[in-house]
Structures are given as C-alpha cells and as structure tokens.
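1. quick one: sequence and predicted model below, then my questions.
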Amino acid sequence: MKKAVIYVLLLCVICFTGCGQKPGGGIIIRQDAEGLVEVRIEDGEAEITFNKDKWEELYDLDYIAEDYYPGRTFVSGPLSVPYLSAKVKDVCIGKVGALDPWAEETMPAILLLLDDGSLEWLLANPFLTDMMYPSGKLPWLKGIVSLSYAADDAGEMTIFATDKGRSSYDVRSFCWLTDIFESEWVYEIGVVHDGDIHCLTFKFNEDNTLSMRSELRYIGDANALFTGKYTVSGSFAGGKPVMLLELWNEFDLDMPDPNLTRPPDLTGEYFFSSDGEFFTLYLADGDALHYAEDGTPVLTYPFEKEWASDDSNGGGYNGGYDEAEYGTADYTADELIDFLLEHVEKAREMVQDLGMTALVTGETEEFMDAGVCRLVILGTNHAGQFVREVYYAISPYYSIYEQDPVYGNWLLVYDMWP
C-alpha cells in the first residue's frame, strides 16, 4: 500500500513539471526540466522561486553577477508577478534561445497563460529585482487554451501556444512585439540624394488596421501613403506565422523624381519573425512592398523600431518623440553641460580634473542624421579671455559628437540609442 502511495505522489510531481494541462485543485505548480525555476499559481496569482543549488550546477553565478549585474545578488524568492492584465490560468517554462539572445548561457523563459486566453512572458532571471515584471500582452494571440514546450522542425526547443481552433503558434515570433502598437517600424531601402534614406514606415493598430509611408527618413518627404488592414493566421511555413496585408494608396505627391511614381495598390501574404532587434517580413505570395531597380521583387524586409511620432511635423521622422517634451532641445545651459559630463568621461576629466570651463554660447551645428545640435565648448581662461579648445555637439535625440581638432569632422562619442 505504501509503495502505491509513493508511486502516485511521484507521478503527480512529474505532471507538475514544465508545461501541461491544468491539474485538479486550486494550486498549480510548474517547473522547468532542470529544476531551476518553480512557478506556483494560486487563485490566479503567480509566485516564482529560484533553486540556487541547481543554478550553481549550471551557471557561474559570480561571473554573471560581476559582468552583467554588478551590485546585485541572487534572489531565491518567492517573487510576485505584478501588473498582469488578467488572472493566471497556467504557465509553461523552458529555455528558448531566441528569448535570451544576448546571454552566453540561456536562462529559462516563463510564458503565462491568462484566463482571458491571452499571453504574457518574462525571463526567469534571479538577478533582476525583487519582483518579476511581465512583458505585457503578446499581440494577435487570442483564445489560447494550452501551452507546450517542444522542438520545432529544426530541432530547436521553443514554446507553442494552441488556440480554440487548434491553430498552433511558435511564441518566438510574438514575444518581442509587445510594444508593436506603440512604435513605428522602419525598413531602409537605400541612400538617395543628399545622403537621406528612402524607407518604408509601418504603423500597426490594435483594430487590425495599419498605414505605410514611402518617404525620405530624415526630412520626412513622403511620396506615398498606404492605409489598409492586416490579418494574422496560424498557418506555418518554416515555423513562421502568416500576415495578410491589404493596402490602398491614399495619395501621390507627384514628385519630379521618376523613381518616386505612384505605387499600385497591393495585397500580399508575408511570413514574419521577431528577435528583439528586427521585425522581419518575408514575402510568401502576392505583391511585394518594394521592387529593385531591375524590377525583381524584394523578398525580405527587416523593420527596425522607432517610437511612434505624434505627427506634429506632418508625419515625418522625429526620433519618435516630441523634442520639446522629451529631447535635449529645452535643456538649460547647465543641464546640457551636466548631460555631457555625465556621459563623456573625457569631457568630465577635462572639467573636473584639469580645471577647464564648459560654455554654452547658443551656437548650433546641423547634421543630416541628428538634426540641429547645440554646442558645448570646453576651454580655458587666459588673461580674462576664454580660449576655445574642444567642441561637443549634442543632438535633440541624446547623441553627443566631438569635433576632430585636426580634420574638423564630427565623431559620435555617445548615443543613448545605439
């Protein structure tokens, strides 16, 4: 009798590991296959615990703390998961390389299935904080009923989400797109006259509508505006979900350049993927978004994220925010100098250690890729006269340039958005 009871208990423990169907009772406990992370769900609330002994077997914790999280220590928990948009129904835990692409050793990912059929995720990192903050809802995935940790067609482990219609989605294509509706997405076609860049700019909306501008990136001159709708389906080819785009051309500025003629309306199916850096569309069927000079369709479109503009400049590129509210354009002279000294060690040493003076005169320098930059000049006082020695230019978008004293060109020395 005792052996039978022990066997049943062991079976229950195995069922509670990784992903699977919701067991009976009010408490759900899941672990990854290596026992690094445990998630306990009770009354729709999730708590995360890290097993330090298991982590020490697989990771060099001292190296991770020193090189990646200086001043932080391993936190075992239990840690709560705040700010979820609904109650937690179930969870799946597993190492997915694409969800921790910058690490030497992949940490487990935690996918949370909420009771409204939506998903959120977070990386199981015991060095981050005393709370585990989720990503926000994954876009386009609705009516999800189950999660599974399994290998894809190439043999790589990932997490699949299955909806009520039994369509299966590889979550890797969605996890990096939780802010897709708050951002614009830019595909650079190529450099044109005056060094500007011809690009396509997408803006997706939650109601499955979208817009696409064909424009010059920095001066904002657009030759076409498309509006339309999109549909995401669970069909797969090469592990990628499918997006159907239906776009209508709204206007044509009739620019004299023959390469900027009125584009046709287009309908096309595109596979897509995301990796934290790019949201990439791959033409599967139908019309291309762009054609090369020889008329062949472009098949792959890696889009980079830009924070969405408020259209105060007519829809052109402005770095994704209002300069007067968020940029350095309204910094006082003292704030501008403080910003320089905080981020450029050489400038800080010249002022604090060598006794040089920083001066803001109101002079500016305009760059094609950075807009109008304000100058901060470092120098020394000799017999009541300020001698200029080093020039810095600070863009509205938090970039800092230093002028080469010999050749006069400007070199980027700090960029908040590298």
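-> Arrived safely, thanks for sending. Residues are numbered from 1 along each chain as shown.

2. the strands in the stretch 151-300 of the chain, which residues?
-> 157-163, 168-170, 183-191, 197-204, 209-216, 222-237, 240-252, 266-274, 279-286, 300-307 (DSSP state E, counting those that start in this stretch).

3. among those strands, which is nearest residue 124?
-> strand 157-163 (12.7 Å; Cβ to Cβ). Where C-beta positions appear, they are placed from N, C-alpha and C, glycine not excepted.

4. which residues does that closest one contact?
-> Contact with strand 157-163 is made by 19, 92, 94-96, 98, 109, 111, 113, 117, 119, 141-152, 168-172, 234, as judged by Cβ atoms under 8 Å, 6 or more residues apart in numbering.

5. any idea which of the strands of the stretch 151-300 of the chain scores lowest on pLDDT?
-> Of all the strands of the stretch 151-300 of the chain, strand 222-237 carries the lowest average pLDDT, namely a mean of 74.

6. that older thread, and among the strands of the stretch 151-300 of the chain, the most buried is which?
-> Comparing the strands of the stretch 151-300 of the chain by mean neighbour count (mean count of other Cβ atoms under 10 Å), strand 197-204 ranks first with a mean of 22.

7. which residues are in contact with that strand?
-> Residues contacting strand 197-204 (Cβ under 8 Å, 6+ apart): 139, 180-181, 184-192, 210-218, 230, 289-290, 301, 303, 306, 308, 317.

8. and stretch 32-45, by the same measure?
-> Contacts of stretch 32-45 (Cβ under 8 Å, 6+ apart): 17-18, 26-31, 46-51, 54-55, 58, 78, 80-81, 86-91, 93-95, 108, 110, 115, 124, 149.

9. mean confidence score for that stretch?
-> Computed over stretch 32-45, the average pLDDT equals 90.

10. buried set for that stretch?
-> Under the neighbour-count criterion of 16 or more other Cβ atoms under 10 Å, stretch 32-45 has 32, 36, 37, 38, 39, 40, 41 buried.

11. tell me the two of the residues you listed that are most distant?
-> Checking the buried residues of stretch 32-45 with Cβ to Cβ, the most distant pair is 36 and 41, at 17.7 Å.

12. now the buried members of the contacts of strand 157-163.
-> Buried, going by 16+ other Cβ under 10 Å: 19, 92, 94-96, 98, 109, 111, 113, 117, 119, 141, 144, 146-149, 169-172, 234, out of the contacts of strand 157-163.

13. so which of these are in strands?
-> Residues of the buried ones among the contacts of strand 157-163 located in strands (DSSP state E): 92, 94-95, 109, 111, 113, 119, 144, 146-149, 169-170, 234.

14. I appreciate the help and will end here.
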